[in-house]
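> Following is a predicted model, sequence given first.
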Amino acid sequence: MVLATGGSLSLAGTAAAASATGPEGQTITVSKVDGLDPAGETITVHGEGYDLTKGIYVVVCVNNGAGQQPTPCLGGADMEGGGGASAWISSNPPSYGEGLATPFEEVGGKGSFDVQLSVAAGDEFTDCLDPAQAPNGCVVGTRADHTRTADRSADVLLPITFASAGSGADGGGASGTDADTPSPSSTTTAAAGAGAGGASDLAQTGASIMPAALAGLALLGGGAAAVAVRRRRTEETNRP
């Protein structure tokens with residue numbers, strides 16, 4: 001869900017908020033990064049100082065280390081803006097993105113935004129609490145959109161942690177990172193090197209099946225179920 005960008009949210013003064021600064025001076029402030037509810041919780045991300053010519057995703061992704069593209073991302077790359085796990089911000093999207101991407105709010109010649117993300121510890125793409133899938137845990141922040149996949153200049157990231165099972169969103173304790181990994185301070189500088197990361201033209205997310213393919217599988221499943229019902233009725237009719 002993308003919020004109206006008519007004004008920035010006041011997050012820096014909240015106890016749980018954390019901030020990060022990117023390689024081009026961009027900043028993000030996130031309402032909460034520690035002790036998130038593994039089952040799902042809504043957080044707010046405010047960004048400013050972004051290059052208006054570069055589209056970004058606001059995402060929660062697996063942390064692959066400094067200078068590396070954060071991927072896969074929870075919810076995949078939500079270019080339709082309906083999933084709530086990510087947001088596409090761009091003032092000059094490709095033609096197919098017009099009406100889908102939310103433009104930056106221009107402030108002093110730079111781009112700002114406010115979005116809400118629905119964050120859970122895992123989905124069908126990845127699990128932030130699984131050391132095999134996310135050995136460094138997960139991060140929240142921004143990265144270049146699918147038109148600039150290899151561009152690391154928009155990476156502004158903060159590590160996130162999750163509450164231990166059964167303790168609730170404010171329980172603290174367990175996290176998607178190693179136990180000795182420090183929590184982010186109120187101001188954190190994200191190390192991101194330009195030019196590193198994936199080189200494909202499409203966003204590298206966990207989404208490996210296109211919606212049309214999913215629809216086809218659903219139809220196939222329904223047809224198989226219908227065949228099974230007809231076969232069972234025939235067997236019952238012919239049974240002595």
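Yep, that arrived.
> Regarding residue 96, what is its secondary structure?
Here residue 96 is helix, with the state taken from DSSP: H, G, I helix; E, B strand; the rest coil.
> okay, now it: neighbour count?
9 (other Cβ atoms under 10 Å). Backbone N, C-alpha and C define where each C-beta goes, glycine included.
> how about it, what does it touch?
Not one residue lies near residue 96 by Cβ atoms under 8 Å, 6 or more residues apart in numbering.
> Now do it, the pLDDT please.
On pLDDT, residue 96 comes in at 92.
> go on, the one 4 residues further on?
Each residue has a pLDDT score; the one for residue 100 is 92.
> looking at this, it is in a helix?
No: counting by three-state DSSP, residue 100 is located in no helix; its state is coil.
> surely it meets residue 87?
No: contact criterion Cβ atoms under 8 Å: residue 100 and residue 87 do not qualify, at 10.6 Å.
> of those two, who's got more company?
residue 87 (25 against 15).
> tell me which residues form a beta bridge with that one?
residue 58 (DSSP bridges).
> how close does residue 134 sit to residue 73?
11 Å (Cβ to Cβ, to the nearest Å).
> Residue 57 now?
Separation of residue 57 from residue 73 (Cβ to Cβ) stands at 7 Å.
> Need the overlap of contacts for the two.
With Cβ under 8 Å, 6+ apart as the test, residue 57 and residue 73 both reach residue 86.
> okay, now the domains of the chain?
Domain segmentation of the chain under automatic domain parsing yields 18-205, 209-240.
> Could you tell me the least trusted of those domains?
Minimum mean pLDDT among the domains of the chain: domain 209-240, a mean of 38.
> Count the residues that sit near residue 131.
Residues near residue 131, counting by other Cβ under 10 Å: 12.
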